[in-house]
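Student: Structure, please.
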Amino acid sequence: MSKPTVISNTGRTIAAQALKRFEASLFGELILAGNQRYEQARRSWNGIVDARHPQLIVRCARTSDVAYSVDFARNNQLAIAVRAGGHSLAADSFCDGGMLIDVSRMKNIAVDPATKTARAEAGLTAGEFDRATQAFGLATVMGECSSVGIAGYTLGGGLGRLMGQHGAACDNLLSVELVGANGQVVRASAEENRDLFWAIRGGGGNFGIVTSFEYRLHPAEQILGGTLTYPISDTREVLAFLSEYMKGVPDEFDIVIDIGNSGLMPSAPGIRQPIVNLLVSYCGDLERGRAALEPLRKFRRSVVDRIQVMPYLEMQALSDVRPVAEFGSSGGMMTLESGFVQRLDIGVIDSIVDSITKAPASFWIAAEHYLHGAVCRPAPGQTAFALRNAGYSTRIFSAWRESNQAEASVEWVRSSTEALNPFAGGAMYMNYLTGSEGNAGVRTAYGSNYERLSILKRNYDPDNFFKSNRNIDPHHDSLSMS
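Tutor: Prediction:
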């Protein structure tokens, strides 16, 4: 079989010899469309997001592979996308045509327990990172889903169960190694390329391809946590209690609220009867934790109380989204929209209860990771990550297998999301954008930081080479915003 022709953005055929020289420069692997490994290499993590069809996939083994790939793509007018964990709900990790730069095989990590730091390559997943640091009883703010990539998660801000104590994931970054749009490798930290370091802490993949991260670590071994489960008929009472209770929770506390019957909720896999499920954790002194959780455990009789002392890794595993991936891989379909609510006030509770009465057969409403404590203390302009508001990131979800269920499911998710929008306070979590929000969602997520980010984007990537992302316009005109 002859190798397929590779065409640039401008319609020019790229010479076979040029491709051969590029392939010879790599420590990793070049896969062209038509190769027997191509379909597996382009596949998305969950089988639901359309993985699209790049012309070339570069599986990078070293930073030099990333730099060569950027040079080759730029010199040959090829659009690019970058994949690490590949969890982007907006399919940012894929492209049609062009080149997919895949760093998911770059998984080296070095943990220094003396300085409580870790240097980790961009291909690591949260689960792999946690297992390496937990060997020393340490952790940083990291996503709970074990298969999510540390790269996109951190660059988008990074919310997690330790954020009340230690801030967002990006607040725990000490330095990064990055390949810029010119193919040059640079280091950014509080001492070097400070404006770039400001921008990548929340600015996503707009400023280059980060190949390694240096994180600050914190002690985290035993954790008090688990689930409290209630019948869905208790939704109003549970949310009303949480509305007051959450105002006084300590920094060590975290909660994820799941409502529904999808059978896919990570905190209640396989459960198809309608429930309210609270995934709670306290990472700190265990006796203080028991005292802090006592009112929550006693205010109303739960169907199940699985709160107990467990290793940090076991707690992290309770949020694995493997059921979602398995559902997608077996042909299931789903729709999802995201938002934010500042508090569980009466308007929010009424909207959620009303949505439940109209819900399709399989649904899931989540209010995740109450923002409080350390994550809210920095000023919004201290890093590019501007979400410093108290509140919850929300996700509304429906799943189906029969095509005749699609229209009603999509409409319910849309209308339920719109009903909560008035309670967002102008906030949005960048990592939860699905793409339907468009550029308006990006500007909402960055808030007052957007204009500075646009200026820096113009400095570091004036041609918008890195645009397969929640994109920052390098030619944004502040006068056009009204």
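
Student: gap between the two ends of stretch 330-348?
Tutor: Terminal residues of stretch 330-348 are spaced 35 Å apart (Cα to Cα, to the nearest Å).

Student: ok, now stretch 247-258?
Tutor: End-to-end distance for stretch 247-258, by Cα to Cα: 19 Å.

Student: residues making contact with it?
Tutor: Contact with stretch 247-258 is made by 160-165, 239, 242, 246, 265, 267-268, 275-285, 288-289, 292-293, 319, 364-370, 372-374, 392, as judged by Cβ atoms under 8 Å, 6 or more residues apart in numbering. Every residue, glycine included, has its C-beta placed from N, CA and C.

Student: Just these: which are in helices?
Tutor: Using DSSP state H, 163, 164, 165, 239, 242, 288, 289, 292, 293 are the members of these that sit in helices.

Student: Could you check how many residues crowd around the nearest residue to residue 145 once chain neighbours are set aside?
Tutor: Nearest non-adjacent residue to residue 145, counting by Cβ to Cβ, 6 or more residues apart in numbering: residue 321, 4.8 Å away. Residues lying near residue 321 (other Cβ atoms under 10 Å) number 21.

Student: was I right about residue 321 contacting residue 147?
Tutor: Yes: using Cβ atoms under 8 Å, residue 321 makes contact with residue 147 at a distance of 7.2 Å.

Student: ok, back up a step: now restrict the contacts of stretch 247-258 to buried residues only.
Tutor: Among the contacts of stretch 247-258, those classed as buried by 16 or more other Cβ atoms under 10 Å are 160-165, 239, 242, 246, 265, 267-268, 275-284, 289, 292-293, 319, 364-370, 372-374, 392.

Student: And the helices in the stretch 51-200 of the chain, which stretches?
Tutor: Taking DSSP state H, counting those that start in this stretch as the criterion, the stretch 51-200 of the chain carries its helices at 63-75, 126-134, 150-155, 163-166, 194-200.

Student: what are the ranges of the strands in the stretch 51-200 of the chain?
Tutor: 56-59, 80-83, 99-102, 109-112, 117-121, 138-139, 173-179, 185-189 (DSSP state E, counting those that start in this stretch).

Student: mind checking which of those strands is nearest residue 223?
Tutor: The minimum distance between residue 223 and the strands of the stretch 51-200 of the chain falls on strand 138-139, with 9.7 Å, by Cβ to Cβ.

Student: so where's this structure uncertain?
Tutor: Scanning the chain for pLDDT under 70 picks out 1-4, 44-51, 86-93, 477-482.

Student: What is the longest helix belonging to it packed up against?
Tutor: Taking DSSP H as the criterion, the chain has its longest helix at helix 406-420. Packed against helix 406-420 by the contact rule (3 or more Cβ pairs under 8 Å, 6 or more residues apart in numbering; DSSP states H and E) you find strand 333-341, helix 346-357, strand 363-371, strand 391-400.

Student: Show the subsequent helix or strand relative to it.
Tutor: Once helix 406-420 ends, the next helix or strand along the chain (criterion: DSSP states H and E) is helix 438-446.
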